[in-house]
Every structure is written in structure tokens, then in C-alpha cells.
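Engineer: Give the three-dimensional model of this entry:
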Amino acid sequence: MENIRVEKVMNELGLKREIVGIRFLVYERDYENSEAEATTRVNRLCGHVNKAGRGSKIKLKVENFSCGGGPNQTGMRPTPESYVSGQIMKYTELYEDLAIGRAVCDSYHRIPQKISGLEIGPLKDMDDADVVIIIAMAEQIMRVMEGYAYHYGTPKPFTCVGNGAMCGDLTSNPFMKNDINLSLMCCGARSSTASALGELGVGMPSHMFKYVADGIMNLSVQK
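Structural biologist: A predicted model of the protein is given here:
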């Protein structure tokens, strides 16, 4: 059923990338039981999501990350003190001082429980995704938000600072807030996904997708 729903949404919106699902493999046995291919690649989370958006389905562990954002945000390793305190943000000069850096780190809503691995692939091929990610042009994302509002109304305030887009804005944030989140993307995500200037991202907990899809399709009749 999910693959039919995904296909309808992709056709209706004219999406060029696959809608991506992420499943949190909480226990080691979840990783072992996942039938997805175990990747040997090392990449950013946004790079792995980019491959899924092109049709690949993989499972990965902490050693498959080249950027700390993915493991830090998804609970795959303990969060470094420099991240919790905001020092890493201050000393990379992304923000003016320590207090701002700490507040930004807090806004990413890190997943607190231990996660053994991730399964990432096209949503149509996922049996049990936890988060759904759509990367598309601004007008297409607008229609996703229209579909959300059809059933849910106004979302909780978005969290987006142009940094930590894939790991924070689109993965941990929607999961922890249990709501949709819009991302303007960031330099790393845009580079890893080869995003066009007008592409944005939206992430949502997977249980919302069927209602967002229904909203999109209902509103398409009125257009």
C-alpha cells in the first residue's frame, strides 16, 4: 500500500528524487535482521540520504559516517561535551558566542536513546520507516505543506538555522517533536545531495505521511 501512495504523491508533485525513509535500528538484532545491504561507504548522513533518493537501500553503523552530525543527532554515539556546551559551534565561528552556539545545539533535538544503526532507502521499499524525508523544489514543498495543513492545520514552529539540515532539521527534529519540520538545507546537505538553488527539504514522522499524502491528493482535485 505504501508504495502505491508514494507513487501517487511523486507523480502528482512531479518529484525527481525518491521520497526517502529512515528507520532507527535501535538494537543490534534490529541491524542484523534488516535485509538492507550493509554499506561499506563512508559519507555524511546527507550523502547516504542522497543515495537513497537515487534508489539505493542500505543499512549503516557509526563507522559509515564522515561527519559527526549524523551519529550525534541520531543517538548512534554519545554526544561530545563540546557539542552539548556549544563550544564546537563557537570555535568553528558559526555563531557569535558560546550561549548562542549552545542554544542552537539544543534546538536540534538530539535523539537521547542508544541507536545501533540506520536503515535508509526509498520509502516505497521500506517496511517500517520512522522518518520520511522529501527533497524537492520550493513549490513542490509548498504543496507538501498544504497537504499537511489539510489534516493537521498549523505545524509546531520550524527549527532551521541553515546548519545541520539533514541530521537535525530533517531527521532528529521531526522524530523528537513528532511533527513536520521544514529545512532551508545547509552547505553540507546541498553539496552532498547536489541540490539546486531552489531545492528545500521537509521531514516528518512516518505516521504522518499517509495523511499528508491524502491532503495533497484531495487538494489536487481543486487545482
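
Engineer: When you work out contacts or count neighbours from here on, use the C-alpha atoms and nothing else.
Structural biologist: OK.

Engineer: buried stuff in the helix or strand bottoming out on mean pLDDT in the chain?
Structural biologist: One helix or strand of the chain scores below all others by mean pLDDT, DSSP states H and E: helix 87-91, with a mean of 77. Buried residues in helix 87-91, counted by 16 or more other C-alpha atoms under 10 Å: 87, 88, 89, 90.

Engineer: out of those, who's nearest residue 33?
Structural biologist: Nearest to residue 33 among these is residue 88, at 36.1 Å by C-alpha to C-alpha.

Engineer: From residue 29, how far off is that closest one?
Structural biologist: 34 Å (C-alpha to C-alpha, to the nearest Å).

Engineer: Confirm for me that residue 125 is in contact with residue 6.
Structural biologist: No - using C-alpha atoms under 8 Å as the test, residue 125 is too far from residue 6 to be in contact (9.9 Å).

Engineer: So for the two, which residue has more residues nearby?
Structural biologist: residue 6 (21 against 18; other C-alpha atoms under 10 Å).

Engineer: Now that one: closest residue in space, sequence neighbours ignored.
Structural biologist: Spatially, and ignoring its direct neighbours in sequence, residue 6 is nearest to residue 124 (6.1 Å; C-alpha to C-alpha, 6 or more residues apart in numbering).

Engineer: Make sure I have this right: that neighbour is in a helix.
Structural biologist: Yes - when DSSP: H, G, I helix; E, B strand; the rest coil is applied, residue 124 is found to be in a helix.

Engineer: quick one, what contacts residue 181?
Structural biologist: Contact analysis of residue 181 by C-alpha atoms under 8 Å, 6 or more residues apart in numbering lists 158, 159, 169, 170, 173, 174, 202, 203, 204.
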